[in-house]
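J.: Provide a 3D model corresponding to the input given below.
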Amino acid sequence: QMLIVIFVAAYTPGTGRALFHDGRGCRSPVMSTTKPGWSSFLDGKEKYIWPGAESPVSEHMSTSLVTLAEGMRLAEAAKILEGARITGAPVVDAEGRLAGVLSRSDILFKIAGRRSLMLPGHGPRTVRYTENTARLAKIQSQTVGESMSTQPIAIRPSCTMQDAAALMLRRNLNRVIVTDDEGKLQGIISSTDVFHLALIENSDPLSESP
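T.: The predicted model follows:
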């Protein structure tokens, strides 16, 4: 039998050394004294690449929003989304707190019906059971509250635009809902807002980018 060992380099901030791991959780005695180019970012020694990265989200978010109510019928909500030419909207309660998000994808489960369920052979049985339980609830839903995705990702108005950009990258999002400390809806920040700040509002955008 042939043993294949995969080495992975991991730089330890503050040490100036890159340790190599062999894929089995073991550290190799081989060390590199060459400091990786990206290490200065982890050490916090590099300045922000673009002006405006530290400006608060509250200065750039959109505040004129289309919102939905939990008790609204799905057909009515779909017409609102279509009329506003948007793919989703936040759902708020009577006090303006964020309760969830209804997207076009949530409504598609209703349209696809049983054909949206995961079939045997698609993933582990426990995962399939959990996923199909959630999908069946969307298929049988009649109101926004029954169909919406709960616990949406949100960011605070005081967070920076760099925070927003990083969150979008980590969670593969094009927009993030903004709420205050009490969970009340404040606005939405989008990747378009970030690009506008970095590429349009600044006279010398990204010129220091490596």
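
J.: in the protein, which spans are strands?
T.: Here the chain has its strands, by DSSP state E, at 8-12, 17-21, 27-32, 68-69, 88-92, 98-103, 154-155, 175-179, 185-190.

J.: looking at these, which one has the lowest mean pLDDT?
T.: Averaged per stretch, pLDDT over the strands of the chain is lowest on strand 17-21, reaching a mean of 43.

J.: so where's the longest helix in this structure?
T.: Using DSSP state H, we find that the single longest helix of the chain is helix 125-140.

J.: Now do that one: distance to the chain's middle.
T.: Relative to the chain's own centre, helix 125-140 is displaced by 22 Å; criterion: CA atoms, centre = their mean, to the nearest Å.

J.: hmm, who's touching it?
T.: Outside of helix 125-140, the residues within contact range by CB atoms under 8 Å, 6 or more residues apart in numbering are 106, 109-110, 112-114, 116-118, 120, 122-123, 146-147. For the C-beta atoms, the positions are set from N, CA and C on the backbone; glycine is no exception.

J.: try it again with 7 Å
T.: 106, 109, 110, 113, 116, 117, 118, 122, 146, 147 (CB atoms under 7 Å, 6 or more residues apart in numbering).

J.: Give me the below-cutoff pLDDT ranges for this structure.
T.: For the chain, the stretches with pLDDT under 70 are 1-49, 200-210.
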